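> Would you be able to build a 3D model of this:
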Amino acid sequence: MSAAEGGVTTGIAAADIAARLGLHAPTAEQRAVIEADPHGQSIVVAGAGSGKTETMANRVVWLLANGHVAVPEVLGLTFTRKAAGELAERIRERIAQLVSLGIAEVSLDPLESASVGTYNAFASAIYREHAMLIGREPDAAVLGEASAWQLARSVVAASADPRLVELDASLDKVTGAVLSLSRALAENVADSRDVRAMTRDFLAMEGLPIEAPRKRTDFASFVDALGIVGALPPLLELADAYAEAKQQQGFVEFSDQVALALAICERHPEVVAAHRERYRTVLLDEYQDTSVVQTRLLSALFGEQSVMAVGDPDQSIYGWRGASAANLARFGRDFAPGGAAAVYDLSTSWRNPKIVLEGANALILPLDAGIPKAPLGASPFAQSGRLEAAWAETIEHEADLVATWFAERLGRAGRGAPGEPAPRSGALLCRTFANVGIFTAALRARGVPVHVLGMAGLLDQPVIADLVCVLRVLNDPTAGSELVRVLGGARWRIGPADLAALHSLAKWLADRDLSTRRLGDEVRAGLRASIAPDESPSIVDALDFLLAAPDSHSAIAAFSEVGLARMRRAGAQLQSLRRRAGLGLVDFVSLVQQELLLDIEVVANPSQPLGAPSLEAFDELLAGFAEVSEHATLGAFLGWLTEAEQRDRLAPRQDEPEPGAVQVLSIHGSKGLEWDVVAIPRMVDEELPSKPRSSKGWLSFGELPNEFKGDADELPELQWRGVQSQADFDRAVGDFAEENKQRHAEEERRLAYVALTRTRSDLLLTGSWWASQKAPRKPSPFLRELVTAGVIEAGVLPGAPEHDENPRAGSTERVRWPLDPLGIRRPAVTAAAEAVRAAAARPSGVGIGPVLADRIRLLLEERRRRAEGPGTAEVPVRVPASRFKDYVDDPAAVAAQLRRPMPQRPYRATRIGTLFHQWVEQRSTGELEAAAIDALDGLEVYAELDIPVDERVADPTAERLRELQATFEASEWGGRKPSAVEIELHLPIGDNVFVCKLDAVFDIEPSSELGRRGIRHQVVDWKTGKAPRDARDLELKQTQLALYRLAYANWAGIEPNAIDAVFYFVEDDQVIRPDAIYDEAALRRAWASVAASAPAAASSL
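Residues are numbered from 1 along each chain as shown. As a prediction, the model looks like this:
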């Protein structure tokens, strides 16, 4: 029975609770939200920085203190794991204070906490618990972006549909369209059959009369629309095939889980009833970002229940992924009886200074989100703040202004030394990354530490850019621009004259057959007609031609002798690498790194401190991609890399601000974050607000038509039904395009609002007339609106540029190219090389000294012994159960490690696993030390090290651990208490003793599904790594479970068959129960083969 059912009503006011907890008194707005009807439906319009997380936590405290709910009857949902972790931590703190001070009679069970998680995790829990009700597998693996891309790509590649040839789209483009279409169908709960019926009706318009004076050819808008809609049927079939492949292979995506959870709730009312009984109050955060299917699921579960949704229509910037700014306005209709929900405001900003709030309110004023919203007001503690605008002639001057501004502000504070103020944090928020290199270079030139966040920052690192370029050249013969970077870079140093000669050779080859005979005029004309206008002859093929062409060949006469030699060496290396393309993806990319000497370059180049960490991060990215695919290919990886980079730039970031440094990220990625000082560059017309890439709306390749989207009422509508002519259709398309442009303009305005409200102190808005375009770009209309509002001075924005033409186009700078790869280090490196050559000329061993001589002798002896072959190592008496599979699978590797133990690299994953196991153990036993682990204060490794800020690599351990904790708490074991935890058992087999460290053992209810099969206990092994890659890997891993099961059975005196054993891979939220677990006889047989090949066992490990 809940506290509410018990009739407990203490009537404690929110202000009284705050006073007794030592908190600031809530404002009138906050008090209204906190004390809102505990049984009603409420919508809270919370502006940026208005303290919604604190208010939501205090709402929970008020409900508990007044007996309206019990702790486990609270459900809080938000979008990111970071936000969920912050809300959960705040609620835990407040509840602990409530109990410790005895303010109310609240029972606090360490195993029964408020449920706080992400929308996707909540839907996943429903799906996994009830999947069998709709005939699905509950243990289906969740596809990440990389694995989803690979599976979709394999479906597209395997298709023999002749209609795909007519689409004139690349494999990667079709793959992206299929993924997008499949997810749109799931997120909008649409049926592909209905879409096909619509396409038939649309295509029936073919042949409409033109009916336009003096126009004899079809309207381009009409022809293009028929082509786009005509592409939908084959794409829909591929989307259905992709969905079928996921089901057959036991996979789901996040969007699938939400849609399937909705299906469960709609078909099985008992599931809805159980959730309504379990959760008596629901808090929905960032509600403006929910998709249609998420809204329908939540409405089905909690309609007419106690629900409070919190959001800001002015921060709805994720329309590209299905979010709608009108969600808040529809809340009452979706949740409240009669459609009437109470509306509250949180309009006091606790983040922004006064001047910034004036600017933000001025920008957002023209928008109407369909729900009243009070303008943001300053807190009583707010400073006046500084909002500055600066305008420059060229983008280089603009970047220098930004860099100088940051240098002045970040340089004022100290570096965290005793007695000095803490360094401030900064952010450069970009609408696009087109010119970000100019700004980062200017910041570094001013000595300002800079960190480009996310995959964009990784791929922009010079060593990674070189590596990716070579990979693209190896995979694609049309990768000409990438080859130019490779040849003109520091490794090969090919000059512009030889590069021009290579292009001329490519043009010469394009007119010839394989035997270099000139093609006929008609053939050449046909070839040229079949090539896209922007497609040039392949210089990759031309480079291959140089390898076989004799020096006397007339086609290569334009090359210099040195340039030709270097190109041939480069071509031979690339050709050699292509021959090794049959290697596994990870091995092949590692080989490319080694052949390019990138691993040596990053160590030898002190001017690029992030080189080595960037290579490691890229290797992790590659390994993550390869782990989720049985047949990972280079082409699939490169295609996914392009797609993933775009998604990464648009997704919200999880990074914490870096004191003393400037973080560079997109405005989309900045939502939910804040910094001390913020600059927004390129506030120029057609950049912010940006020019829409397309105004075609759903008349774009692979887009789901608007009429099948759940928020169709708020989307532009193409009035195509009933048109009588192509002229009518063209007018309808024109009106549709104008509506799309207006919708884009509104989202750009919301983006600007989000960007302005990220700062706690100073804000800089900049622009310039000239970048790379031919015509000058005017100041952004947003800047002019701020001038009109009196936020910035009118004199800051000049009326016209100083130059009539782009001054950057005529500027010249003498630069030596190709660049010297050694730069200023050349004298030192040259001297060292000469010393090595001189030593090599002397007799072997002369002058090397006794220490080095001893090391060389040891190395030679090691090589000799290795050549003789390994001997069989002794097997220790005590063997960890986790090593059983290693002895069985690869005894030679284990023997080598036993012969010569080496210290293991402290992998971050191992560190996270250790912390997670400690947290689960202390959480399960109720020890208070778990709070210390939650705090994660000890994870900042830089605090005691003298490492410059710009050379630091962000340690995501704390964030990863919080994510694992949130996932675990939402799992089936999150609310259960184990009968045993972290126990060590010894299991003798033959002459050896296996050390079995069991993570947790749970008692099984006899009435449960497992209990009815005779299972009485369940051994669970937590895993923070990746799930098994294949059946062989799973078979090897299950030996660990088999040992655990047998050890516990012997220790408890029960039959092994009464014990279930599973792995729980927390990272993937995946439970893996092997089809078969070895019994004692099978374990003994497997170990006998190991013991028979080893000499007498050693006494210890």
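> mind checking how far whichever strand or helix holds R749 is from the chain centre?
If you go by DSSP states H and E, R749 is part of helix 726-756. For helix 726-756, the distance from its own C-alpha centre to the chain's C-alpha centre is 28 Å (C-alpha atoms, centre = their mean, to the nearest Å).
> Need the per-residue pLDDT for the residue lying farthest from the centre of the chain.
With distances taken as C-alpha atoms, centre = their mean, the residue sitting farthest from the centre of the chain turns out to be P843, at 57.0 Å. In this prediction, P843 carries a pLDDT score of 76.
> Now it: phi and psi?
Backbone torsions of P843, given as degrees, to the nearest 10, read phi -60, psi 150.
> Offset the numbering so it begins at 39, please.
Yep, numbering from 39; the last one is P881 now.
> and it, how far is that from P888?
Here the criterion is C-beta to C-beta, to the nearest Å. By it, P881 lies 16 Å from P888. From N, CA and C alone the C-beta is placed, and that goes for glycine too.
> What of V1019?
Distance, V1019 to P888, by C-beta to C-beta: 56 Å.
> So those two - more neighbours on which side?
A count of neighbours by other C-beta atoms under 10 Å puts V1019 above the other of V1019 and P888, at 19 against 7.
> For the closest residue to A1114 other than its chain neighbours, which residues are in contact?
What sits nearest to A1114 in space, not counting adjacent residues and going by C-beta to C-beta, 6 or more residues apart in numbering, is Q1076, at 7.6 Å. With contacts defined as C-beta atoms under 8 Å, 6 or more residues apart in numbering, Q1076 is in contact with 1112, 1114-1116.
> Quick check: which element contains Q1076?
Since the elements are taken from DSSP H and E, Q1076 ends up inside helix 1069-1090.
> Name the residues that touch the helix or strand following that helix?
Counting by DSSP H and E, the next helix or strand C-terminal to helix 1069-1090 is strand 1097-1103. Residues from elsewhere that reach strand 1097-1103 (C-beta under 8 Å, 6+ apart): 1009, 1011, 1042, 1048, 1053-1065, 1075, 1079-1080, 1082-1083, 1086-1087, 1108-1111, 1115.
> and the next element down the chain from strand 1097-1103?
Towards the C-terminus, the helix or strand next in line after strand 1097-1103, according to DSSP H and E, is strand 1108-1110.
> what helices or strands is that following strand leaning on?
Contacts defined by 3 or more C-beta pairs under 8 Å, 6 or more residues apart in numbering; DSSP states H and E place strand 1108-1110 against strand 1097-1103.
> what is the rounded mean pLDDT of the strand it packs on?
Confidence over strand 1097-1103, taken as the mean pLDDT, stands at 92.
> Same check on stretch 675-693?
For stretch 675-693, the mean confidence score works out to 69.
> swap in stretch 312-321?
Across stretch 312-321, the average pLDDT comes to 94.
> Could you do stretch 1008-1019 as well?
For stretch 1008-1019, the mean pLDDT works out to 87.
> quick one: low-confidence ranges for the stretch 489-638 of the chain?
Within the stretch 489-638 of the chain, the stretches falling below the threshold (pLDDT under 70) are 493-495, 551-553, 557-574.
> all strands for it, in order.
Under the criterion DSSP state E, counting those that start in this stretch, the stretch 489-638 of the chain carries no strands.
> Check which helices and strands the helix holding R787 sits against.
In terms of contacts (3+ C-beta pairs under 8 Å, 6+ apart), helix 764-794 is packed against helix 258-286, helix 392-402, helix 705-708, strand 713-718.
> Centre of the chain to the third one, how far?
It refers to helix 705-708. Centroid displacement of helix 705-708 relative to its chain, using C-alpha atoms, centre = their mean, is 13 Å.
> CA atoms only: put it into PDB for me.
Once non-C-alpha atoms are left out, helix 705-708 reads as follows in PDB (Å, rounded to 0.1, in the frame of the first residue of the first chain):
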ATOM      1  CA  ILE A 705      24.900  24.700 -31.100                       C
ATOM      2  CA  HIS A 706      22.800  21.500 -31.300                       C
ATOM      3  CA  GLY A 707      25.400  19.700 -29.100                       C
ATOM      4  CA  SER A 708      25.400  22.600 -26.500                       C
END
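> ok, so of the contacts of Q1076, who is nearest N473?
Nearest to N473 among the contacts of Q1076 is P1112, at 53.6 Å by C-beta to C-beta.
> Quick one: residues contacting the closest one.
Shown in contact with P1112 (C-beta under 8 Å, 6+ apart): 1072-1073, 1075-1076, 1079.
> Buried ones in stretch 1000-1007, by neighbour count?
Counting neighbours by 16 or more other C-beta atoms under 10 Å, one finds that the buried residues in stretch 1000-1007 are 1000-1007.
> what about that stretch, distance to the chain center?
Using C-alpha atoms, centre = their mean, the mean C-alpha position of stretch 1000-1007 is found 17 Å from that of the whole chain.
> what stretches of the stretch 889-1038 of the chain score poorly on pLDDT?
Across the stretch 889-1038 of the chain (using pLDDT under 70), the flagged ranges come out as 907-911, 937-948, 964-996.
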